[in-house]
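Participant: can't give you the sequence, but here's the structure:
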């Protein structure tokens, strides 16, 4: 962001972090916008820039209406073809989040707007009930909150994720959840019985064990220690829980890979996965802006190492490699992960979910 004076207008302000938020700014506005937005000092402010940066940026809730709540995909990189996202945008504010560019379709910025303008689906449970009751519906692995976290802070008041889980348990539909939040423990009264019927599996995403780094990088997600406690509580409740060491960020968090996996195994995780940081569309600029603001001494190193895993670019969207990267550095991380998984026993067999219990869809299917 430029800090020079424009001879025809006021000064563009340099980026400064906002308290409790991951993004440093709202730039770029959107890849679809012809114009860009940036903050200026117009001389009317009655407080200084540092005080403004310390002020909390409020969250604004909106409504997202949809005829269907189950989203389908045909990606060869993921092991499921359907998911539900009760929210668009995510208050966790993870600066590396691959879902940030989706806000551009709403004419909003993938930056600060993504984590402060949250759109909820208040009729999500009703829509899900209709879809599961359809005669042509057949069950398959379903991910809840895979694009944006189903247990982000907004869920405390909105309780949309809980209402969806109530419907899925009523229909005995298997479900998986990946989250960074300890709020998942609120719903143990539903999740534990589902797990006993082989209808539910949980996964905690742990990016770093460094509390200070996590506060800057994932400002409203649970702390690393809280996430490990959540793994422990889920395990004690009889819920199969795995850990996703993701994203691995070369030059910033990659050195923690073994420590994350060991801590996860000690907490009761039975399996683990990982992927390299993905920086599609506007996320590249947002992430670089964040690096140069918070860790300027490591910014160039991190960006250069990412390019080594992406064929010289900051991101390559090619199927088959976009999750893990390519090249010597990516191969080294993959080998380290494989060895650590074996060392800490995080390669236990995963029992297939039970689809025979499903109570919806075409009643004729129950005859087979």
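Facilitator: The structure has been received and is ready for your questions. Since the structure is predicted, the reported quantities are computational estimates derived from the model, not experimental observations. Numbers count the residues shown, from 1 in each chain.

Participant: which parts of the longest helix along the chain are buried?
Facilitator: In the chain, with assignment by DSSP state H, the single longest helix is helix 328-343. For helix 328-343, a neighbour-count test (16 or more other Cβ atoms under 10 Å) marks 329-330, 333, 336-337, 340-341 as buried. Quick note: C-beta positions are derived from backbone N, CA and C, even for glycine.

Participant: equivalent analysis for stretch 228-245, please.
Facilitator: Neighbour-count burial for stretch 228-245 flags 228-235, 237, 239-245 (criterion: 16+ other Cβ under 10 Å).

Participant: and that stretch, how far out from the chain middle?
Facilitator: Distance, stretch centre to chain centre, for stretch 228-245: 18 Å (Cα atoms, centre = their mean, to the nearest Å).

Participant: got it, and stretch 153-166?
Facilitator: Using Cα atoms, centre = their mean, the offset of stretch 153-166 from its chain centre is 16 Å.

Participant: and the closest residue to residue 199 other than its chain neighbours, how far from residue 147?
Facilitator: Spatially, and ignoring its direct neighbours in sequence, residue 199 is nearest to residue 174 (4.8 Å; Cβ to Cβ, 6 or more residues apart in numbering). With the distance defined as Cβ to Cβ, to the nearest Å, residue 174 ends up 19 Å from residue 147.

Participant: out of these two, which sits in the busier spot?
Facilitator: Just comparing residue 174 and residue 147: by other Cβ atoms under 10 Å the higher neighbour count belongs to residue 174, 21 against 18.

Participant: right, and the more buried one touches residue 356 too?
Facilitator: No: in this structure, residue 174 is not within contact of residue 356 by Cβ atoms under 8 Å, at 10.4 Å.

Participant: what mean pLDDT does the helix or strand containing residue 119 have?
Facilitator: Following DSSP states H and E, one finds residue 119 within strand 117-120. For strand 117-120, mean pLDDT rounds to 96.

Participant: kindly report the same for stretch 265-284.
Facilitator: 96.

Participant: check which residues of it are buried.
Facilitator: In stretch 265-284, counting by 16+ other Cβ under 10 Å, buried: 265, 267-284.

Participant: and the end-to-end length of it?
Facilitator: 32 Å (Cα to Cα, to the nearest Å).

Participant: how near is residue 176 to residue 229?
Facilitator: From residue 176 to residue 229 the distance is 21 Å (Cβ to Cβ).

Participant: that should have said residue 245, apologies.
Facilitator: Relative to residue 229, residue 245 is positioned 17 Å away (Cβ to Cβ).

Participant: residue 118 now?
Facilitator: Residue 118 sits 26 Å away from residue 229, going by Cβ to Cβ.

Participant: do residue 308 as well
Facilitator: For residue 308 relative to residue 229 (Cβ to Cβ), the value is 35 Å.

Participant: how about residue 62, secondary structure?
Facilitator: strand (DSSP: H, G, I helix; E, B strand; the rest coil).

Participant: same check on the one 5 residues further on?
Facilitator: When the structure is reduced to helix, strand and coil (three-state DSSP), residue 67 reads as coil.

Participant: for it, give me the pLDDT.
Facilitator: 87.

Participant: who's in contact with it?
Facilitator: residue 127 (Cβ atoms under 8 Å, 6 or more residues apart in numbering).

Participant: phi, psi for it please.
Facilitator: phi -80, psi -30 (degrees, to the nearest 10).

Participant: quick check: it vs residue 198, distance?
Facilitator: With the distance defined as Cβ to Cβ, residue 67 ends up 31 Å from residue 198.

Participant: check residue 312 too.
Facilitator: Using Cβ to Cβ, residue 312 is found at 45 Å from residue 198.

Participant: the more surrounded of the two?
Facilitator: Neighbour count, other Cβ under 10 Å: between residue 312 and residue 198, residue 198 has more, with 16 against 9.

Participant: just checking, what packs against the longest strand along the chain?
Facilitator: Of all the segments of type strand in the chain, defined by DSSP state E, the longest one is strand 241-248. Judged by 3 or more Cβ pairs under 8 Å, 6 or more residues apart in numbering; DSSP states H and E, the packing partners of strand 241-248 are strand 200-205, helix 224-236, helix 257-267, strand 271-276.

Participant: between the ones you listed, which one is nearest to residue 183?
Facilitator: helix 224-236 (9.0 Å; Cβ to Cβ).

Participant: related to what we said a few turns ago, what's the average pLDDT for the longest helix of the chain?
Facilitator: The model assigns helix 328-343 a mean pLDDT of 98.

Participant: how about residues contacting that helix?
Facilitator: Helix 328-343 is contacted from outside by 245, 248, 250, 254, 257-258, 261-262, 272, 274, 276, 305, 308-309, 324-325, 346-347, using Cβ under 8 Å, 6+ apart.

Participant: again with stretch 68-84
Facilitator: The contact list for stretch 68-84 (Cβ under 8 Å, 6+ apart) reads 85-86, 121, 124, 127-128, 131, 140-147, 150, 164, 176, 319-320, 322-323.

Participant: low-scoring stretches of this structure, by residue?
Facilitator: 1-18, 22, 25-55, 362-368 (pLDDT under 70).

Participant: if we go to 80?
Facilitator: Along the chain, segments meeting pLDDT under 80 span 1-56, 76-77, 79, 361-368.

Participant: tell me where it has strands.
Facilitator: 11-12, 40-41, 60-63, 70-72, 82-84, 87-88, 117-120, 142-144, 175-179, 200-205, 241-248, 271-276.

Participant: fine by me, we can end here.
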